[in-house]
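> Below is the structure, and that's it, no one-letter string:
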């Protein structure tokens, strides 16, 4: 049996979070095989709304694309590994992702996590255009010329580490923005490409994109008791970030929130991360990421509920503290993990929680919705199956 390296990394990370109560199971996969020269296509059955083009990771560990016609194209499959967290280039012609090589089970434990990780860029025909060894979690700059990456990923004690960095596609030069630290995602570019922001277990930091790297703290925390993870930019140039506060000054039991902060570090919005009382929020890479709804002050994030007696779904909340609504997805999944909002802000695509755990080879678990992508209107309604045996959905940008 082979085990994806990300499985080990995330399990250690979950232990470090200490507050995680959610029971999550790894997702098995059949053996991966190389993609053919001509991507294989299949057709949807049944009727689905027009949702544009979506990339996803399929159950064989490869990268797929669903076209507006319903045609599903297998774009790329690693020879012996797994694709994670795809992201479209700004022009919608390329896709970057993390590729994790599978590791043979053995009593030998002295190996480098970084050796198993690569950032890969392919075109829509599956041609590999770029590979950045010893890196993960790529994010494109708005001009498509640079990737933000987490370099030299590693495990130290109970923490998953990476160095926030950028990679210049033309020159092949990697630029380290800060030393390696405990964090779950690589830096995110501001809409104008002038700044990058990243969250860690001791604060939220911003750095100028084109100057000498001098990270500036927007929000400060306390290691593993108050921290900020997986920030995302809004079109307004503000940042929405998940905050976990278990510090001495926090209310009894602590509190999880999403906060919106401007470039001066001033919090301009805060809403509670309302999840069902019997569900904990485990921190698995991007499962807790908030997505700004285009043209509004709202943001959406999933609820990682893994208990049948509590609903799974998506919160859509006004970051200014106004309206909020809960989109119930419990009819199709037992927890919402990674999601994405359509470019027009009308539809949410999502997959089941726990999909950041990596794969073990073998049969799929008997867990409903563990490897399916669904869509739901931003106002709610009945979730509809979009792609079977898939996860990590992400919409192609509109020109």
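Good, I have the coordinates. Since this is a predicted model, take the numbers as computed values, not measurements.
> and residue 87, how many neighbours does it have?
By other CB atoms under 10 Å, 19 other residues sit near residue 87. Bear in mind the C-beta positions are built from the backbone N, C-alpha and C, glycine included.
> swap in residue 244?
So residue 244, with other CB under 10 Å, has 25 neighbours.
> So it: helix, strand or coil?
Here residue 244 takes the strand state, with states given by DSSP: H, G, I helix; E, B strand; the rest coil.
> Could you check the pLDDT of it?
Looking at residue 244, its pLDDT stands at 89.
> What's the separation between it and residue 223?
Distance, residue 244 to residue 223, by CB to CB, to the nearest Å: 12 Å.
> buried residues in stretch 254-263?
For stretch 254-263, the neighbour count (16 or more other CB atoms under 10 Å) marks 256, 257, 258, 259, 260, 261 as buried.
> Ok, stretch 234-246 next?
Buried, per 16+ other CB under 10 Å, within stretch 234-246: 234, 238, 239, 240, 241, 242, 243, 244, 245, 246.
> what does stretch 152-164 give?
Those buried within stretch 152-164 under the rule 16+ other CB under 10 Å are 152, 153, 154, 155, 159, 160, 161, 162, 163, 164.
> tell me the two of the residues you listed that are most distant?
Within these, 155 and 164 form the most distant pair, 17.2 Å apart (CB to CB).
> quick one: least confident helix or strand in the protein?
helix 5-17 (a mean of 38; mean pLDDT, DSSP states H and E).
> So for this protein, the centremost residue is which one?
residue 286 (3.2 Å; CA atoms, centre = their mean).
> and it, how far is that from residue 203?
Remark: distance between residue 286 and residue 203 (CB to CB) = 19 Å.
> repeat for residue 296
Distance of residue 296 to residue 203, given as CB to CB: 28 Å.
> Let me see the backbone angles for residue 57.
Backbone torsions of residue 57, given as degrees, to the nearest 10, read phi -110, psi 130.
> so where's the stretch 51-200 of the chain shaky on pLDDT?
Residues of the stretch 51-200 of the chain that meet the criterion pLDDT under 70 lie in 104-111.
> hang on, I meant the stretch 201-350 of the chain
Within the stretch 201-350 of the chain, the segments meeting pLDDT under 70 span 274-285, 304-310.
> hey, where'd the strands end up in it?
Remark: strands assigned in the stretch 201-350 of the chain by DSSP state E, counting those that start in this stretch are 203-208, 216-220, 226-233, 239-245, 255-261, 267-272, 291-292, 298-302, 313-318, 324-328, 336-341, 347-352.
> Hmm, residue 185 and the residue nearest to the centre of the chain touching each other?
Yes: contact status for residue 286 versus residue 185: in contact at 6.1 Å, counting by CB atoms under 8 Å.
> Which neighbours do the two have in common?
With contacts taken as CB atoms under 8 Å, 6 or more residues apart in numbering, residue 286 and residue 185 have residue 230 as neighbours in common.
> What segments of the stretch 251-399 of the chain are helices?
Listed in chain order, the stretch 251-399 of the chain contains no helices at all (DSSP state H, counting those that start in this stretch).
> hmm, back to that, want to throw the buried residues of stretch 254-263 into CSV with distance to residue 216?
Shown next, in CSV, are the buried residues of stretch 254-263 (distance: CB to CB, whole Å):
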residue, distance to residue 216
256, 25
257, 22
258, 21
259, 17
260, 18
261, 12
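> Tell me which two of the residues you listed sit farthest apart.
Using CB to CB, the pair of the buried residues of stretch 254-263 lying farthest apart is 256 and 261, separated by 16.1 Å.
> Could you count how many residues lie near residue 170?
Around residue 170 there are 7 residues (other CB under 10 Å).
> how much space between it and residue 213?
Going from residue 170 to residue 213 by CB to CB gives 19 Å.
> For burial, what's the neighbour tally of residue 379?
Around residue 379 there are 9 other residues, counting by other CB under 10 Å.
> ok, now how distant is the closest residue to it other than its chain neighbours from residue 376?
Using CB to CB, 6 or more residues apart in numbering and skipping residues adjacent in sequence, the residue nearest residue 379 is residue 325, 7.6 Å away. Going from residue 325 to residue 376 by CB to CB gives 12 Å.
> More neighbours: which of those two?
Between residue 325 and residue 376, counted using other CB under 10 Å, residue 376 has the larger neighbour count: 23 against 15.
> and the more buried one, what is it in contact with?
Residue 376 makes contact with 314, 327, 329, 347, 348, 350, 382, 383, 384 under the criterion CB under 8 Å, 6+ apart.
> And for residue 237?
The contact partners of residue 237, by CB under 8 Å, 6+ apart, come to 190, 191, 192, 262, 263.
> how much space between the last one and residue 387?
It refers to residue 263. Distance from residue 263 to residue 387, counting by CB to CB: 38 Å.
> you'd agree residue 378 is up against residue 348?
Yes: with contact defined as CB under 8 Å, residue 378 counts as touching residue 348 (6.2 Å).
> quick one: which of those two has more around it?
It is residue 348, of residue 378 and residue 348, that has more neighbours when counted by other CB under 10 Å, with 27 against 20.
> any idea how far that one is from residue 72?
20 Å.
> do residue 185 as well
Distance, residue 185 to residue 72, using CB to CB: 28 Å.
> Wasn't residue 115 part of a helix?
Yes: assessed by three-state DSSP, residue 115 belongs to a helix.
> Now do the contacts for it.
Neighbouring residues of residue 115 by CB under 8 Å, 6+ apart: 101, 133, 134.
> now residue 239
Residue 239 makes contact with 197, 204, 206, 218, 231, 232, 233, 260, 261, 262, according to CB under 8 Å, 6+ apart.
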